Each structure stands twice: as structure tokens, then as C-alpha cells.
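J.: give me the fold of what follows.
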Amino acid sequence: MFEHGPAARALTALAAAAILCAAVPAGAARLGDPTRPTPVHPHGSRHHAQRWRLDYTLVGPERRLAVINGSTVLPGHVVDGARLLRVGPGHVELRYRGHRIEVTMATSAVKRPARHRVPKEHRP
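T.: Numbers count the residues shown, from 1 in each chain. Here you go, the predicted structure:
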């Protein structure tokens, strides 16, 4: 009654694959990297802020820069349509289409400089 030849096996494999694909939730393919920090956006609209990912900031006495969406940006320069206005430790302020947007790194990713301590034996 049923064939057990190559065509029947191929049809069975195709049916099994279709059932497995239907069983996978639709959103599973769009999962993000769970180790990547979630951006925090206290100012500006969340829609705009999601366009930029703050990877790194460098704040020093002589120089300030940020790495946004993988590009190194200096204050006054443009990244993905937004002008970088300010760079602070772990956050930046952008201007995009007349709106000010603050993009912040996750707190666990922000590193503060250690205070320079002189050992007691070297103090005057």
C-alpha cells in the first residue's frame, strides 16, 4: 500500500522539516546577544536612541572621544546622521534632526580611573 523507496523517504523528510520549522517560535530567529549591554536612554525618544549604540568613551584632560556603532567619533563630528555634542564617562549627547538624544552605556561597562596614591614611605 505505501512505497518505501527514495521518493517516499524524501517526502517524509520534507514533511518532518516542515513540522520542525513550524514548531520554532517566530521571534527565536531575532534574539539579540544577551551579553551586550542594553542601552539606557533617559532623555530623548527611545526610537531615536536605539539607532546608536555606545561602545566606548574616552574622557581625558586633553581629549574626549566616543565609539558609536563601531566608529570613533570626536565632538562636533557626525555619526549615522547625528552630531556628537558631548562625551562624558559612559554617556554621550547627540543632536539628530533638532532633537537632543542621550545614549548611555550599561553601568557595568563604565570604568572610572583609579586615584593615584603615593605610598606612605614616599610622602613628604
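J.: residue 58 and residue 72 touch, don't they?
T.: No - at 9.1 Å, residue 58 does not count as touching residue 72 under the criterion of CB atoms under 8 Å. (Glycine included, C-beta is placed from N, CA and C.)
J.: mind listing the shared neighbours of the two?
T.: 65, 66 (CB atoms under 8 Å, 6 or more residues apart in numbering).
J.: buried set for stretch 61-68?
T.: 64, 65, 66, 67, 68 (16 or more other CB atoms under 10 Å).
J.: the third one: which element?
T.: Put plainly, it is residue 66. Element membership for residue 66 (DSSP states H and E) is strand 64-68.
J.: count the residues that sit near the closest residue to residue 71 other than its chain neighbours.
T.: Excluding its sequence neighbours, the residue lying closest to residue 71 (CB to CB, 6 or more residues apart in numbering) is residue 79, at 5.4 Å. By other CB atoms under 10 Å, the residues close to residue 79 number 21.
J.: all further residue positions should be reported with the first residue as 39.
T.: Yep, numbering from 39; the last one is residue 117 now.
J.: dump the residue contacts of residue 117.
T.: Neighbouring residues of residue 117 by CB under 8 Å, 6+ apart: 90, 106, 107, 109, 111, 132.
J.: wait, what's in contact with residue 114?
T.: Neighbours of residue 114 in contact, by CB under 8 Å, 6+ apart: 121, 122.
J.: check the gap between it and residue 45 for me.
T.: Counting by CB to CB, to the nearest Å, the gap from residue 114 to residue 45 is 67 Å.
J.: could you do residue 140 as well?
T.: For residue 140, the distance to residue 45 (CB to CB) stands at 62 Å.
J.: those two: who's more crowded?
T.: Of the pair residue 140 and residue 45, residue 140 is the one with more neighbours under other CB under 10 Å, namely 19 against 9.
J.: quick check: that one touching residue 129?
T.: Yes - Residue 140 is in contact with residue 129 according to CB under 8 Å; the separation is 6.0 Å.
J.: where does residue 45 sit, in terms of helix or strand?
T.: Element membership for residue 45, per DSSP H and E: helix 44-61.
J.: beta-bridge partners for residue 103, please?
T.: Beta bridges link residue 103 to residue 96, judged by DSSP bridges.
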